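J.: model the following, please.
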Amino acid sequence: MFFGSFAHTLDDKGRLVIPRKMREETGVKVFIMKGFDGALSIYKACEFEKLVNEFNTLPFNKKSARDYLRVQLASTCELEIDKSGRVQIPSMLLDKFQIGKEVIVIGMGDHIEVWNRKAYEEYEKKAIAGFENTAENLDEEN
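T.: As a prediction, the model looks like this:
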């Protein structure tokens, strides 16, 4: 399970050092794709396989499913973690999803999120401000 948050800096080639604590869980091959709320999501291979199985259950005859799948799968790249614990995030993803040099890496249970640092700080302020209310209403969303 991935958890915690870590401030990192991408190098000039767009490489991110995966935090050691997280790297021990990932294996060598990971998959990166558009996440939610402005983040990029990184999945280890077995979790990505589960996600693809979920994708395969979506009704492709519905426009919303096609739109979702196209965005998700078009943004997906397979990456390898090098011996220094880094992954090279494609510049296309960094540009398209506005991930700058300064990032926050957070554990989200089954995956890792990579955020533009300023965007995450803004998101976090709002999420913390409404934390108790959000927690209280979680059962109503299911």
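J.: work out for me the element the residue of the chain positioned farthest from its centre sits within.
T.: For the chain, the residue at maximal distance from the C-alpha centroid (Cα atoms, centre = their mean) is Asn61, at 27.1 Å. In this structure, Asn61 sits in neither a helix nor a strand according to DSSP states H and E.
J.: what does the one 5 residues further on give?
T.: Arg66 is located in helix 63-74, with elements delineated by DSSP H and E.
J.: who touches that helix?
T.: For helix 63-74, the external contacting residues (Cβ atoms under 8 Å, 6 or more residues apart in numbering) are 33-34, 55, 58-60. C-beta: built from backbone N, CA, C; applies to glycine.
J.: between the residues you listed, which is nearest Glu47?
T.: Comparing those against Glu47 with Cβ to Cβ places Met33 closest, at 11.6 Å.
J.: show the contacting residues for the residue nearest to the spatial centre of the chain.
T.: In the chain, the C-alpha nearest the mean C-alpha coordinate belongs to Ser41, at 1.5 Å (Cα atoms, centre = their mean). With Cβ under 8 Å, 6+ apart as the criterion, the residues that contact Ser41 are 32-35, 108, 111-114.
J.: CSV for these, including pLDDT?
T.: Rendered in CSV, the data for those read as follows (pLDDT from 0 to 100):
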residue, pLDDT
Ile32, 98
Met33, 97
Lys34, 97
Gly35, 96
Met108, 97
His111, 97
Ile112, 97
Glu113, 98
Val114, 98
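J.: burial count for the residue lying closest to Ala45 once chain neighbours are set aside?
T.: Spatial nearest neighbour of Ala45, chain neighbours left out: Lys29 (5.2 Å); criterion: Cβ to Cβ, 6 or more residues apart in numbering. Other residues near Lys29 come to 12 when the count uses other Cβ atoms under 10 Å.
J.: beta-bridge partners for Lys29, please?
T.: With DSSP bridges applied, Lys29 shows beta-bridge pairing to Glu80.
J.: pLDDT score assigned to it?
T.: As predicted, Lys29 sits at a pLDDT of 96.
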